[in-house]
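K.L.:
quick check, what structure comes out for this input:
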Amino acid sequence: MRKLVFTLFSVFVLNADEPISLDNALKILNSQNLEIKAATLDVKAAKEKIGSVSGTNWGKLDFVQDVAKSDSAGNVFGFKLESREADFGDFGFSEFLPCMSATPPASCSNPLTIAPKDLNYPDARNFFQSKIKYELPIFTGFQISSYTAIMESMAKMKTLDKDKVINEKIYQLKKSYYDMALLENSINNLNIIMKNIDKLERMTNQMIEVGYAKKSDLLEVQAKKGNVERLISQMNYNEKLLYHFIGFLLNQKVDAIEIPKSNIEMPSINDEDILKNNLDIQRASTGLEIRESMVDVQQSNYYPMIGAFAELSTADDTFLGEASDHKAYTVGARLTWNIFNGGVDASKVEEAQIEKLKTKSQVELARHGIKLQIAKLRTEIETQDAEVAFLEKELKLANEIYKNYEGRYKEKLSSMSDVIIKQSQQIEKILELQMAQNKRNERIFALIKLANGDK
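P.N.:
This next block holds a predicted model:
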């Protein structure tokens, strides 16, 4: 058992330290990123709202149980009627009939003026009524179907919002991976320069010993060495920050990744594909669908509303007492049609039409805006391609010049200051190249993001 636990622990540790490839990182991102999880729940909630609206087509069935006790004359008589237990005694006939049979009749006052005590002052009565009621909308002027269409479009909008979050997180993750590659490349170049400085430092010490160099030359070398060490240290800290950010995106600790090539290939996507798949344009188009459905909702006010209902009930002074004998039913339908409301409906329809036209303009504006972004990004990528090509040549030249000046210094044909200057130019070209490559990659990722690619 101890060996098994140790083996499993070792496998876990190895897997934890294993570098994460970009493909695996993208899979982890989709399943573990907290913002993507939240967006997924928003989509589920929006889909549930569709059912809450479309479900009204089936009407509603309610069960109502009333429990009451009252000595109010109207309530008690109503309770008895609902229970089918009212009798003539409830109308005061116990007082009316003796008066009618009185002899002689003159000894009895006008019977029509008798206030029956049984009717006006009844004993308190319990009331239990159980009722099932079903209401069904038959025609709502297409209002329910219009609201259902709105909810479906809202769910589609939430799905697009989720896709946009995924798109942004993929963009951030891939950019971080390629930023790491550029950092590694720059650190490697600076380490080569550091080796050259160490070599130059040893050579300067040797030349000082034989009197061919001054101590100030050594100080210049050591100062430059400290500067390069500072740059390497800064890049190492940037690496740590990138690992923290990647871990944040993946919602787990990340200690190592598989470094991709420092440059990403230009994707072969045309402008029409980008416009077709762009999420902002799709969101604007979905917004237009919502506005069209809102026009239908407002126009439904011109139509009559027709509904049907059915009701089954039983009542007694005890719960479900003699339920079969006391049962009652009601069925019916209702038509409601607003004939005139001061032009309010017309104004609402006109307002909805204006909002629809406004949204239609926004869709067109979104298309033109994305076209402009595409043209801008393609131009910037071409510019950075040329910049990278030039800087690579300049770095190669700077490396050769430095080697030449290092040899010239050894032969006392140039000063240490000249060598340090050439080395500074080397470092400058390395940093410029990294910045240019970084900007090029960032622009390519931005173009892919516009096309909603790399899902």
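
K.L.:
which element is Ile192 on?
P.N.:
Assigned by DSSP states H and E, Ile192 falls within helix 143-209.

K.L.:
and that helix, what other elements does it pack with?
P.N.:
helix 22-32, helix 34-54, helix 215-250, helix 279-299, helix 344-410, helix 416-450 (3 or more CB pairs under 8 Å, 6 or more residues apart in numbering; DSSP states H and E). The way it works is simple: take the backbone N, C-alpha and C, and place the C-beta from them, glycine included.

K.L.:
show the end-to-end separation of stretch 206-222, please.
P.N.:
Across its full length, stretch 206-222 reaches 15 Å end to end, with CA to CA, to the nearest Å as the criterion.

K.L.:
what comes up buried for that stretch?
P.N.:
207, 213, 217-218, 220-221 (16 or more other CB atoms under 10 Å).

K.L.:
same check on stretch 414-427?
P.N.:
Using 16+ other CB under 10 Å as the burial criterion, the residues of stretch 414-427 that qualify are 414-416, 419-423, 425-427.

K.L.:
out of these, which is nearest to Glu292?
P.N.:
Ile427 (60.4 Å; CB to CB).

K.L.:
list the contacts of that closest one.
P.N.:
If a contact means CB atoms under 8 Å, 6 or more residues apart in numbering, then Ile427 has 190, 193, 227-228, 231 as its contacts.

K.L.:
could you identify the buried members of the residues you listed?
P.N.:
Judged by 16+ other CB under 10 Å, buried ones among the contacts of Ile427: 190, 193, 228, 231.

K.L.:
surely Arg408 meets Ser414?
P.N.:
Yes. Counting by CB atoms under 8 Å, Arg408 touches Ser414, with 4.2 Å between them.

K.L.:
burial measure for Val295, as a count.
P.N.:
Residues near Val295, counting by other CB atoms under 10 Å, number 19.

K.L.:
and it, what pLDDT?
P.N.:
At Val295, the pLDDT value in this model is 94.

K.L.:
list the helices and strands the longest strand seen in the chain packs on?
P.N.:
Assignment by DSSP state E gives strand 125-139 as the longest strand of the chain. Using 3+ CB pairs under 8 Å, 6+ apart, the elements in contact with strand 125-139 are strand 60-70, helix 73-82, strand 305-316.

K.L.:
so for Glu201, which of those sits nearest?
P.N.:
Between Glu201 and the helices and strands packed on strand 125-139, the tightest spacing by CB to CB is seen for strand 60-70, at 87.7 Å.

K.L.:
give the buried residues for the closest one.
P.N.:
Within strand 60-70, judged by 16+ other CB under 10 Å, no residue is buried.

K.L.:
for stretch 131-140, same thing?
P.N.:
Using 16+ other CB under 10 Å as the test for burial, stretch 131-140 gives 131, 136-137, 140.

K.L.:
repeat that for stretch 35-49.
P.N.:
Buried, per 16+ other CB under 10 Å, within stretch 35-49: 36, 39-40, 42-43, 46-47, 49.

K.L.:
looking at the buried residues of stretch 414-427, spot the one nearest Gly78.
P.N.:
Out of these, the member with the shortest distance to Gly78 (by CB to CB) is Ile427, at 98.0 Å.

K.L.:
hmm, who's touching stretch 242-255?
P.N.:
16-17, 20, 25, 28-29, 32-34, 169, 172-173, 176-177, 179-180, 183, 257.

K.L.:
go with 6 Å
P.N.:
For stretch 242-255, contacts defined as CB atoms under 6 Å, 6 or more residues apart in numbering pick out 28-29, 32-34, 173, 176, 180.

K.L.:
can you put the residues you listed in TSV and add pLDDT?
P.N.:
Shown next, in TSV, are the contacts of stretch 242-255 (pLDDT from 0 to 100):
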residue	pLDDT
Ile28	95
Leu29	95
Gln32	94
Asn33	95
Leu34	95
Leu173	95
Ser176	93
Met180	92
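
K.L.:
buried subset of those?
P.N.:
Counted by 16+ other CB under 10 Å, these give 28-29, 33, 173, 176, 180 as buried.

K.L.:
and the residues you listed as a markdown table, adding distance to Asp66?
P.N.:
What follows is the buried ones among the contacts of stretch 242-255, written out as a markdown table (distance: CB to CB, whole Å):
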| residue | distance to Asp66 |
| --- | --- |
| Ile28 | 58 |
| Leu29 | 57 |
| Asn33 | 53 |
| Leu173 | 62 |
| Ser176 | 66 |
| Met180 | 72 |
